[in-house]
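Asker: Give me coordinates for this.
(chains A, B, C and D)
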There are 4 protein chains.
Amino acid sequence: MCRFVVYLGNPIHLSSLTTEPENSLIHQSYDSRERAEPLNGDGFGIVWYAPDLHNKAVQFRSISPAWNNQNLRHIAGAIKSSCVMAHIRAASPGSAVTELNAHPFVHGPYAFMHNGMIAGFPHIRRELLNLLDDDLYQMVEGSTDSECLFAHTLQLLRKSGSATVDQMARALDGAIGIFMDCLEQHKIVGSTHINAVLCNGREAVTCRFTDAPDKPAESLHLHTGKLYSCRTGVPALLEADEDEHSVILSSEALTGDPSWKVVPEHSMVLIDESRRVAIRRMTVNGSVTA
Amino acid sequence: MCRFVVYLGNPIHLSSLTTEPENSLIHQSYDSRERAEPLNGDGFGIVWYAPDLHNKAVQFRSISPAWNNQNLRHIAGAIKSSCVMAHIRAASPGSAVTELNAHPFVHGPYAFMHNGMIAGFPHIRRELLNLLDDDLYQMVEGSTDSECLFAHTLQLLRKSGSATVDQMARALDGAIGIFMDCLEQHKIVGSTHINAVLCNGREAVTCRFTDAPDKPAESLHLHTGKLYSCRTGVPALLEADEDEHSVILSSEALTGDPSWKVVPEHSMVLIDESRRVAIRRMTVNGSVTA
Amino acid sequence: MCRFVVYLGNPIHLSSLTTEPENSLIHQSYDSRERAEPLNGDGFGIVWYAPDLHNKAVQFRSISPAWNNQNLRHIAGAIKSSCVMAHIRAASPGSAVTELNAHPFVHGPYAFMHNGMIAGFPHIRRELLNLLDDDLYQMVEGSTDSECLFAHTLQLLRKSGSATVDQMARALDGAIGIFMDCLEQHKIVGSTHINAVLCNGREAVTCRFTDAPDKPAESLHLHTGKLYSCRTGVPALLEADEDEHSVILSSEALTGDPSWKVVPEHSMVLIDESRRVAIRRMTVNGSVTA
Amino acid sequence: MCRFVVYLGNPIHLSSLTTEPENSLIHQSYDSRERAEPLNGDGFGIVWYAPDLHNKAVQFRSISPAWNNQNLRHIAGAIKSSCVMAHIRAASPGSAVTELNAHPFVHGPYAFMHNGMIAGFPHIRRELLNLLDDDLYQMVEGSTDSECLFAHTLQLLRKSGSATVDQMARALDGAIGIFMDCLEQHKIVGSTHINAVLCNGREAVTCRFTDAPDKPAESLHLHTGKLYSCRTGVPALLEADEDEHSVILSSEALTGDPSWKVVPEHSMVLIDESRRVAIRRMTVNGSVTA
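Answerer: Now for the predicted structure:
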C-alpha cells in the first residue's frame, strides 16, 4: 500500500525527509507505524525539482529496499531542493517489482505518486487505458493502477486549458471519479483507497480518499508553517515569515513535533505557489467518517 | 536485436548451450559474430522444461549482462533438460531494460523468444494489443514487440482448436501477417526483422523473416542429427539412432563443427515430437533473397 | 540476524521448504515469528546438491528480498534435491548488502550458513583472517563474520585429515572456540550468537550457541523421522522406513506439525549419512540455559 | 581494464562528461575506441564534490552497465559540480561485479579510481593489505587491486603530514612503488598497467604507468584551458581568463576537438587548486616509450 512524503518550502536536503527524521521514509520502509503491515520494501523513488534546470523534475528510482540502498543515502544527503517527493512501495499482490512500477512517475513538469489500492484494477485496466489519448497511452510504461490514474489526471488537466492548482485538484478529483464510475459499471466488489499527490514543482494537490464503508482511509498528515529542517532525527522549526513557510504532506508524521495534523478523509489539500494551504472536500462519492 | 538458441534432444546441461561452447550464448553476449553491433548485454533469460513436473516451463531471467551473472553459471552447469531455450537481449532504443521485457516469455506450456525488431512498433502497439482477447491482453506484462507477437500467436493457436506443430507454425506465420498488415495500414516506413521461436516443450517452430528489400534477415543456424553435447568448448557429436537425434536452432553456430546449416530466409523450421525437421516457406509477404 | 533451513532426506522440491509451507522461508523473510525484528529482507541464497553432478553444491544468491524474487519462485518449484540449504539475510548494521555476503557460502563439497552475530567482529576480523592458510584466505570474498567462521571451520577440518560428521562437528566447535578466544583477548564486550550449519551434501552439523548471559540463543528447530513433503502449506508426513527418514533443521518451525522440537542451547546436531541424528553438547564456553 | 574521466573547472553538468559528448563515458561503456576490447559494461560510478556540503564527495555506483541505467541519465543531467570523477568498469577476470568493487572509491575528502591491472594481484593482495594501518585495512570493502592501491596511497599521504598536490603525487607514486617492489619480490611475471586518479575535490593527480616492455600504457588524454561545456555532443570551448580554465583527464578524448593531448607514459599530471597543470616523470621503475 506504500508510504510517501511531499515537501514544498525553502530548499532542504532530501535527507531531511528520507533518512534523518526519527520516523523517516527509510524507517517507514521496514517499520511503518500506521499500516497493519509495517513493511514497504518493494523499491522506492525520489523526485526533486532542479531550480537551475527550469525546475525540471529529476527522478531516481530503484527496486531495492530503501533501507539498504547506499546510493539513496549518498544522494539524499547531498541534494537540496525546494520541492521534493519521495515514495516507498509495498507492491500489490501480483504487481511486478520493477523500476517502471516505482513511484513517483514523471511526465513533463508533473510528478505523481500514490499510496493505496484500486479494487479489482486488473479487470478495469484495459478499459481505463483505452480512454486515454495516444500520447498518454504511450506514456504508461508500467502496470500499476497508480500510473494509469496519473495518465487520466493529466488528460483532464489538459482539457482544462490552463493549470492552476485549482485545476490540478479538479483533474485529480475527476480522474478518481472516472475510476469509481468504471468500478461501479463493472460491479467490482472491494474497497478502494487513494491517497495521491500531483505536483508541478511549485504547486501540489493531495487527496485522502476511500470508498470503504468500514475502514478508514490510508493515513495522511500535514505539517505547515515555520521553516522545517531535520538532521539526525531532530526537527528544527524556526519561526519564519509567511513566505518562507514550508508545507509537508506525509503518510506518517516524520517527527514527534505536535504540529502535524491529520488530513480529513475524503478531502484534498491544495498548496499554491505561495505555499498557502487550502483543504477542500472531494466531489467524488466515497465513504466519509462523519 | 538479440541472439538466441533453442534445443530439443536428449537431456543436456544448459551450460552445453550457454557457457561451454566456443561461441556460447555468453560469448555472444559481449562479442557476437553475425551482428554489426556485437553487444547483447541488456539482460538474458533461460527457459527449460522440467520432465518431472509434467514438462512445465521453468523461467530464469535477469537484467544483468549474461557474461557477469554468477547465478547463470551455477544454474546452467547443474540443470539438465531435453528442451531448452536461451536468449540474450540487446534492447531496442527506448525499450526498458526490466525483467518483464526479458525473453523467453512463458504462458502455460508455451515459451516464446524473438531476435529482431518490428519497425515503428510504438505506433501500432495500441492497435495490436486491442485485438487480443482479455486474458491474453492481461498476460502481456512488458512493453516489447516480442511479447505482443507471442500473444497474437497464442490467440491464433487457440482458434485452431488443437496444437500440432503444424498449427503452431500457422499461428506464428499468421501472427506475423497480422503485424505486417497493421504496419502497411499505418504506412510505417522501415524494415522489420523477425526471427522467433515458439515451443511447447516437445515441439518447436522457428522463423527467419524480414521485409527489408536490401538487408538480409537476422542470422539463424540449424544443427541436427547425432547426439550433441559440449563441455569446455569441445562439441561431442556421437552417432545415434534417429530417435536420439538432437536439434538446435541458434542465431549463431555455437561451435566450429561444419554440420551447422544456414536457415533460408523467409522460411520456418518445424520440429516435431520425434525431432524430425521440416522447413517450410512462409506465407506472409516479405523480401526473399532469391 | 537471519533465518535458515537445511534439509536432508528423499529428494523434495526446494519449494517445500522455501515457498510452500505456512511459515516458509519466504514468509519468514517479511514476518518471522521468533525474532524481535521480523524482517529478513537483505537478500537470500539457496544451495542444493546435484546428484547427477557427483553431488556438487549449486548456489543461487540474490540481494533482492526473497518475497519479491520471481526467479526464486520458479527455480524452487522446479528443482528437487536430497540436500538443500536456504538462507534469508538480515544484514548486520554496516555490513554491505551484496551477493558476496549472501549465504550459503560454498567451497568444494562444503556449504555453510549462519544466523547470528559476532560481537565486535570488525575489531577482530583482521586477526582472524590472518590465521588462515593462503588458499582459505583467498576463498573469503565478502566481509561477513559468517564467511570468516566458515574458513576457520574448513581449516580445522583440513587438519583433521578425514571428514566424518564427527570431525565436521569438532571443526565447527573448534572454530567457534577460536573466535571466542579472540574476543576474550580483545576484551570485546557484547553478546555473540552463532547458529550455523556446515554440510557436505550427505552429512551436516548445526550448532545453537550464545555467550549472552541474559538472552536466549537464536531459535532453532529440529524435525526428524517420516517422509516430509509440503505443497500449498500442508505438510504431508508419511510413515517411512528408517532409511527414508528426513531431517530438517530450521530457525523456525515451517509448519504447525507438532513434531518440531527445539534444539537445546549450547549444543550441536549431527546428521550422518544414514540421517541418524545425534545431539552433543558444545565444548566451547558459553551461556547455557540450565 | 576500464575507462575514466576527471574534471576540475567551473561547475558543469555531469552529463557534459558522461552522456552528452560524442565519445561520452556512456559511449565508451559499449564501444570504447582505444582498448582492444571495446566493452566496459561491468558497472560504473560517479563521484562529485558538493560545494554546499564543505565540498563533500558524493558517490553514486551501480553494477548495471552505464548505457542502460536510467538513474544515471537523470542524475547526470541534473547535477552540477566543479569537480567530477566518473568511471566505467571492465572487471578483471575472476573479479566480482559488485557495487563494492565499483570505482571511484571514497575516503574522507579523497576519491580514487583506476584503469589498468596489476599482474598477479591475488598472489600479493594479502601481503599488501597487511602493510596497512588498521583503519585503512578496515576501509577496504571490496577485493580490487584498485582499492588496495588507494589505501596505500592514503597511508603514504598520512605520513607526509600535510596534503598538497605535490604530496598527493608523491603518495601515489610511492604506493605504486610499493606494489612494484612486492611484485618483484614475488617474482610475478606479467605486465602491470596503472592509470589512476587521486582527487580531494580541489586538486588532483593522475598517472599513466606501465612496466610492460612491449605494450603501451593505457590511453590517457588531457584537455586544458578555456571553459569547457558539452551538450548534445557539441563541445563549447569559450575563451576564458586563466582562473576560469578547466582541466579534464580522460581515458579517451570525449570530443573531436583537437585540443586533447596525449599524456606521456610514465608520467603524472598534477592539477593544483588554481587548475595549473604540471607534468612530472614518475620515480618508480617502469617501461618508458622513449
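Asker: Which residues of the stretch 101-250 of chain A lie near chain C?
Answerer: Where proximity means Cβ under 8 Å from any Cβ of the partner chain, the stretch 101-250 of chain A presents no interface facing chain C. From N, CA and C alone the C-beta is placed, and that goes for glycine too.
Asker: The helix or strand hosting residue A:83 - what's its average pLDDT?
Answerer: Assigned by DSSP states H and E, residue A:83 falls within strand A:80-88. Strand A:80-88 carries an average pLDDT of 97.
Asker: helices and strands around that strand, which ones?
Answerer: Contacts defined by 3 or more Cβ pairs under 8 Å, 6 or more residues apart in numbering or on different chains; DSSP states H and E place strand A:80-88 against strand A:3-13, helix A:15-18, helix A:25-31, strand A:44-50, strand A:110-117, strand A:193-199.
Asker: any chance of those in TSV, with mean neighbour count, mean pLDDT and distance to residue D:70 too?
Answerer: Listed next are the helices and strands packed on strand A:80-88 as TSV, based on neighbours: other Cβ atoms under 10 Å in any protein chain shown; pLDDT from 0 to 100; distance: least, Cβ to Cβ, whole Å:
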stretch	mean neighbour count	mean pLDDT	distance to residue D:70
strand A:3-13	24	95	20
helix A:15-18	24	95	20
helix A:25-31	24	93	21
strand A:44-50	25	97	11
strand A:110-117	25	97	15
strand A:193-199	26	98	20
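Asker: Export these to CSV and append columns for distance to chain B.
Answerer: Shown next, in CSV, are those (distance: least, Cβ to the nearest Cβ, whole Å):
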stretch, distance to chain B
strand A:3-13, 22
helix A:15-18, 24
helix A:25-31, 21
strand A:44-50, 15
strand A:110-117, 18
strand A:193-199, 22
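Asker: just to revisit the earlier point, strand partners (parallel or antiparallel) of the strand holding residue A:83?
Answerer: strand A:3-13 (antiparallel), strand A:44-50 (antiparallel) (DSSP bridges).
Asker: residues in contact with the last one?
Answerer: Strand A:44-50 is contacted from outside by A:14, A:18, A:25, A:29, A:55-62, A:64-66, A:69, A:72, A:75-76, A:79, A:81-89, A:102-104, A:106, A:111, A:113, A:199, A:201, D:78, using Cβ atoms under 8 Å, 6 or more residues apart in numbering or on different chains.
Asker: So what's the gap between stretch A:42-49 and the chain middle?
Answerer: The chain centroid and the centroid of stretch A:42-49 are separated by 10 Å, computed with Cα atoms, centre = their mean, to the nearest Å.
Asker: could I get that stretch in CSV with only the CA atoms?
Answerer: Extracted in CSV, the C-alpha atoms of stretch A:42-49 (Å, rounded to 0.1, in the frame of the first residue of the first chain):
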residue,chain,number,x,y,z
ASP,A,42,9.4,-3.2,-2.8
GLY,A,43,11.6,-0.4,-4.0
PHE,A,44,11.4,3.3,-3.7
GLY,A,45,11.7,6.6,-5.7
ILE,A,46,12.5,10.2,-5.3
VAL,A,47,11.7,13.2,-7.5
TRP,A,48,13.2,16.6,-6.9
TYR,A,49,12.8,19.7,-8.9
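Asker: still on that earlier bit, ok, which of the strands paired with strand A:80-88 comes nearest residue C:38?
Answerer: Nearest of these to residue C:38, taken as Cβ to Cβ: strand A:3-13 at 17.6 Å.
Asker: how many degrees apart are that closest one and strand A:193-199 in direction?
Answerer: Following axes from the mean of the first three to the mean of the last three Cα atoms, to 10 degrees, one obtains 20 degrees for the angle between strand A:3-13 and strand A:193-199.
Asker: picking up where we left off before, CA atoms only for the strand holding residue A:83, dumped as CSV, please.
Answerer: Written as CSV, here are the backbone C-alpha positions of strand A:80-88 (Å, rounded to 0.1, in the frame of the first residue of the first chain):
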residue,chain,number,x,y,z
LYS,A,80,18.8,20.2,-1.9
SER,A,81,15.6,21.2,-3.4
SER,A,82,12.6,23.4,-2.6
CYS,A,83,10.2,20.7,-4.0
VAL,A,84,10.7,17.0,-3.1
MET,A,85,8.6,13.9,-3.5
ALA,A,86,9.6,10.5,-2.1
HIS,A,87,7.8,7.2,-2.1
ILE,A,88,8.4,3.7,-0.7
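Asker: partners of the helix or strand following it, with directions?
Answerer: The first helix or strand that comes after strand A:80-88 along the chain, using DSSP H and E, is strand A:105-107. Its sheet considered, strand A:105-107 pairs with strand A:110-117 (antiparallel) by DSSP bridges.
Asker: so how many other residues sit close to residue A:215?
Answerer: Residues near residue A:215, counting by other Cβ atoms under 10 Å in any protein chain shown, number 12.
Asker: Distance check, the nearest residue to it once chain neighbours are set aside against residue A:119.
Answerer: If the residues on either side of it in the chain are set aside, residue A:215 comes closest to residue A:191, at 6.1 Å by Cβ to Cβ, 6 or more residues apart in numbering or on different chains. Per Cβ to Cβ, to the nearest Å, residue A:191 is found 6 Å from residue A:119.
Asker: Tell me how far residue A:105 lies from chain C.
Answerer: 20 Å (Cβ to the nearest Cβ, to the nearest Å).
Asker: low-scoring pLDDT stretches of chain A, where are they?
Answerer: A:232-233, A:285-290 (pLDDT under 70).
Asker: what does it put close to chain B?
Answerer: Residues of chain A lying near chain B (Cβ under 8 Å from any Cβ): A:96, A:98-100, A:122, A:125-126, A:130, A:134, A:137-138, A:141, A:143.
Asker: Would you format the residues you listed as TSV with neighbour count and distance to chain D included?
Answerer: Formatted as TSV, these follow (neighbours: other Cβ atoms under 10 Å in any protein chain shown; distance: Cβ to the nearest Cβ, whole Å):
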residue	neighbour count	distance to chain D
A:96	19	16
A:98	25	12
A:99	20	7
A:100	21	10
A:122	14	26
A:125	19	24
A:126	14	27
A:130	11	27
A:134	10	23
A:137	17	21
A:138	15	17
A:141	16	11
A:143	24	17
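Asker: which one of those residues sits closest to residue D:238?
Answerer: residue A:99 (37.7 Å).
Asker: For that closest one, which residues are in contact?
Answerer: Counted by Cβ under 8 Å, 6+ apart, residue A:99 has contacts A:43, A:61, A:62, A:63, B:96, B:98, D:70.
Asker: State the number of residues packed around the residue nearest to residue A:262 when sequence neighbours are not counted.
Answerer: Of all residues beyond its chain neighbours, the one nearest residue A:262 is residue A:221 (6.1 Å), with distances taken as Cβ to Cβ, 6+ apart. As a burial measure, residue A:221 scores 19 neighbours (other Cβ under 10 Å).
Asker: from the residues of chain A next to chain B, which two are the most distant?
Answerer: The span of the residues of chain A next to chain B, defined through Cβ to Cβ, is set by A:99 and A:130 at 25.3 Å.
Asker: And residue A:190, how close does it get to residue A:180?
Answerer: Distance from residue A:190 to residue A:180, by Cβ to Cβ: 12 Å.
Asker: higher neighbour count, the two?
Answerer: Using other Cβ under 10 Å as the criterion, residue A:190 and residue A:180 rank with residue A:180 on top: 19 against 12.
Asker: And the closest residue to the more buried one other than its chain neighbours, how far from residue A:149?
Answerer: Leaving aside its sequence neighbours, residue A:180 sits nearest to residue A:284 (Cβ to Cβ, 6+ apart; 5.6 Å). Separation of residue A:284 from residue A:149 (Cβ to Cβ): 12 Å.
Asker: Can you pull the residues that touch both of those two?
Answerer: Taking Cβ under 8 Å, 6+ apart as the criterion, residue A:284 and residue A:149 both touch residue A:176.
Asker: The closest residue to residue A:96 other than its chain neighbours: what's it in contact with?
Answerer: Nearest residue to residue A:96, sequence neighbours excluded (Cβ to Cβ, 6+ apart): residue B:100, at 5.8 Å. The neighbours of residue B:100, taking Cβ under 8 Å, 6+ apart as the test, are A:96, A:98, A:100, B:141, B:142, B:143.
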